[in-house]
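Colleague: Mind looking at a prediction? Sequence and model below.
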Amino acid sequence: GAGVSQSPSNKVTEKGKDVELRCDPISGHTALYWYRQSLGQGLEFLIYFQGNSAPDKSGLPSDRFSAERTGGSVSTLTIQRTQQEDSAVYLCASSLSGTHTDTQYFGPGTRLTVL
Amino acid sequence: GQSLEQPSEVTAVEGAIVQINCTYQTSGFYGLSWYQQHDGGAPTFLSYNALDGLEETGRFSSFLSRSDSYGYLLLQELQMKDSASYFCAPPYGQNFVFGPGTRLSVLP
């Protein structure tokens, strides 16, 4: 079946604008993760959704960042009033049930550039 | 809290063996994953050690010692396509914490 998809693949925006990034997880996967990766750096955890449980938002860097997951499937990451330091690749991953033995399948990412 | 250490870069030649170490301090640690990421690509899962010892999958092996807070990824018979970044990732709560990554360059 199809893997994790993300859109857009690239987004260039001006400082102060809001952006929305979309993630379509693998069908049937209950766990969904958002990460941020700056150039040449590791993955920074942002937020985690598991089924109908309250999301783990502990990695969100500021209140300008928010995310939703509708119907247990598609997720949207919203960044309000973007800043230049928000420039990074935003990666989404899903796994079958969110246990530590489950493989996380990553999408291709959205490269965000804030001018 | 948690901290992870990996070498930033490793260089080896085709056909060689290379070991990428990962040391960490996490609370509630109980396993270690490894992911591979080619330039411009998404991370892909390589292995997960739930228990101490060596797990082998083809040319790649992964080792874990929970008592020593240490693990490594062993790549044998290196190929050019193995040039990539490698991340260790121990579970942390419901999530994973990813290390800073090791960039492996395989030379002909």
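Modeller: Thanks, I have it. Since we're looking at a predicted model, the values are computed, not measured.
Colleague: can you tell me how far A:Gly3 sits from B:Thr44?
Modeller: A:Gly3 sits 10 Å away from B:Thr44, going by Cβ to Cβ, to the nearest Å. For the C-beta atoms, the positions are set from N, CA and C on the backbone; glycine is no exception.
Colleague: so what's in contact with the two at the same time?
Modeller: Common contacts of A:Gly3 and B:Thr44 (Cβ atoms under 8 Å, 6 or more residues apart in numbering or on different chains): none found.
Colleague: Quick check: bridge partners of the spatially most central residue of chain A?
Modeller: The residue lying closest to the centre of chain A (Cα atoms, centre = their mean) is A:Trp34, at 3.1 Å. Note on A:Trp34: beta-bridge partners A:Ile47, A:Cys92, judged by DSSP bridges.
Colleague: just checking, it touches A:Thr76?
Modeller: No - A:Trp34 is beyond contact range of A:Thr76, at 9.9 Å (criterion: Cβ atoms under 8 Å).
Colleague: list residues touching both of these two?
Modeller: Contacts common to A:Trp34 and A:Thr76, judged by Cβ under 8 Å, 6+ apart, are A:23, A:67.
Colleague: Near chain B, which residues of chain A? Just list them.
Modeller: Contact residues (Cβ under 8 Å from any Cβ of the partner chain) of chain A with chain B: A:33, A:35, A:41-45, A:48, A:50, A:56, A:59, A:91, A:93, A:98, A:100-101, A:103-109.
Colleague: Just the buried subset of the residues you listed, written out for PyMOL, thanks.
Modeller: Selection of the buried residues among the residues of chain A next to chain B in PyMOL, burial being defined by 16 or more other Cβ atoms under 10 Å in any protein chain shown:
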select buried, chain A and resi 33+35+42+43+44+45+48+50+56+59+91+93+98+100+103+104+105+106+107+108+109
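Colleague: got the CA positions of the top strand by length along chain B in CSV?
Modeller: Selection of the longest strand in chain B by residue count, based on DSSP state E, yields strand B:18-26. This file holds the C-alpha atoms of strand B:18-26, laid out as CSV (Å, rounded to 0.1, in the frame of the first residue of the first chain):
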residue,chain,number,x,y,z
VAL,B,18,32.5,0.1,10.5
GLN,B,19,31.0,0.5,14.0
ILE,B,20,28.9,3.5,15.0
ASN,B,21,28.6,3.9,18.7
CYS,B,22,25.7,5.4,20.7
THR,B,23,25.9,6.3,24.3
TYR,B,24,23.0,7.8,26.1
GLN,B,25,21.5,8.8,29.4
THR,B,26,17.7,8.5,29.5
